[in-house]
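**Q** Build me a model:
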Amino acid sequence: MAKTKTKTPKKNKISEYKLSSIILDIVMLFLGLIFFIGTLAGKGDDIASGFVRVVGVVLILVGIFELINFLRIKEKTIFDWIVFIIGCAIAITGIVFIVNPLPIITVFNFIFGVIIGIYAFIIIVASVGTLRTAGAKYWWFSLLFGLAALGMGIFVVCFNGATKTLTIIIGITLVVGAIGGIANAILASQAKKEFKANSKILEDATYTVESETSETADKSNDGDDTINY
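**A** From the prediction side, this is the model:
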């Protein structure tokens, strides 16, 4: 019996993209709106200071976490002591952020520019390396927003102006990047549904062909049966 060749479905590249990342996109969108709307309401400096203090709280929590881990270790090695010292340094940095955020705001553009640049790069890689490869429609839409966010992130790093203008630009950049990230998630979801639908059609077609081939072979074998005396 000749084997029937069936086309195997294209590798599901879209499975590499985690839809849970949309949570990060929503956070970025919310943060961008706070920066943009808050600055227009005359709270730009307060928002910048508040954000630095929030980062300080996070750093303190990291330091406390390292301290707890250090205390739980009975036999401490040199490596454990090094980690403990680094944890203390992180916690102290967090305290400085909370007590006096103004010096940090002077390099605010650099910090946020780097964050936005990394975020935009992830969006670009996801749109080109995952969505386009998987054959997702309109993958270029999120690519355009990712490129725009990357360009604006570079501009933020090089920016040397008033804090109010800076926070407005950062807010717009975060919103642009978030739109690109959310678009990636939506396109990934649609591509997954299309992939599953096409796979189901292919499986049904393969099953039908194999069944018909098997029935034809059985009939052929029945016809060849002869009784010799």
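**Q** contacting residues around residue 60?
**A** Going by CB atoms under 8 Å, 6 or more residues apart in numbering, residue 60 touches 91, 94, 95, 98. All C-beta atoms are positioned from the backbone trio N, CA, C, and that covers glycine.
**Q** Check those against residue 138 and report the nearest one.
**A** Nearest to residue 138 out of the contacts of residue 60 is residue 94 (CB to CB; 42.3 Å).
**Q** Now that closest one: closest residue in space that isn't a chain neighbour?
**A** residue 59 (3.0 Å; CB to CB, 6 or more residues apart in numbering).
**Q** Hmm, the one you found is touching residue 98, no?
**A** No: using CB atoms under 8 Å, residue 59 is not in contact with residue 98; the gap is 9.0 Å.
**Q** which of these two has more neighbours?
**A** residue 59 (21 against 17; other CB atoms under 10 Å).
**Q** and the gap between that one and residue 73?
**A** 22 Å (CB to CB, to the nearest Å).
**Q** Equivalent analysis for residue 58, please.
**A** 23 Å.
**Q** Low-confidence regions, this protein specifically.
**A** 1-21, 195-229 (pLDDT under 70).
**Q** how does it look with 50?
**A** In the predicted model of the chain, residues 1-11, 207, 227-229 satisfy pLDDT under 50.
**Q** for stretch 185-193, which positions count as buried?
**A** 185, 186, 187, 188, 191, 192 (16 or more other CB atoms under 10 Å).
**Q** okay if I get those as TSV plus secondary structure and distance to residue 85?
**A** Converted to TSV, those look like this (DSSP: H, G, I helix; E, B strand; the rest coil; distance: CB to CB, whole Å):
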residue	secondary structure	distance to residue 85
185	helix	40
186	helix	45
187	helix	46
188	helix	42
191	helix	47
192	helix	46
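**Q** The contacts of residue 60 in helices, which ones?
**A** 91, 94, 95, 98 (DSSP state H).
**Q** From the residues you listed, pick the one nearest residue 33.
**A** residue 98 (24.3 Å).
**Q** I'd guessed that closest one sits against residue 53; true?
**A** Yes: applying CB under 8 Å as the test, residue 98 and residue 53 come out as touching, 5.0 Å apart.
**Q** Neighbours of residue 129, how many?
**A** Considering only other CB under 10 Å, residue 129 is surrounded by 13 other residues.
**Q** how close does it sit to residue 120?
**A** Separation of residue 129 from residue 120 (CB to CB): 14 Å.
**Q** How about residue 103?
**A** In terms of CB to CB, residue 103 sits 27 Å off from residue 120.
**Q** Look at the two and report which has more neighbours.
**A** Taking other CB under 10 Å, residue 103 and residue 120 do not tie; residue 120 has more neighbours (25 against 10).
**Q** Perfect, that will be all.
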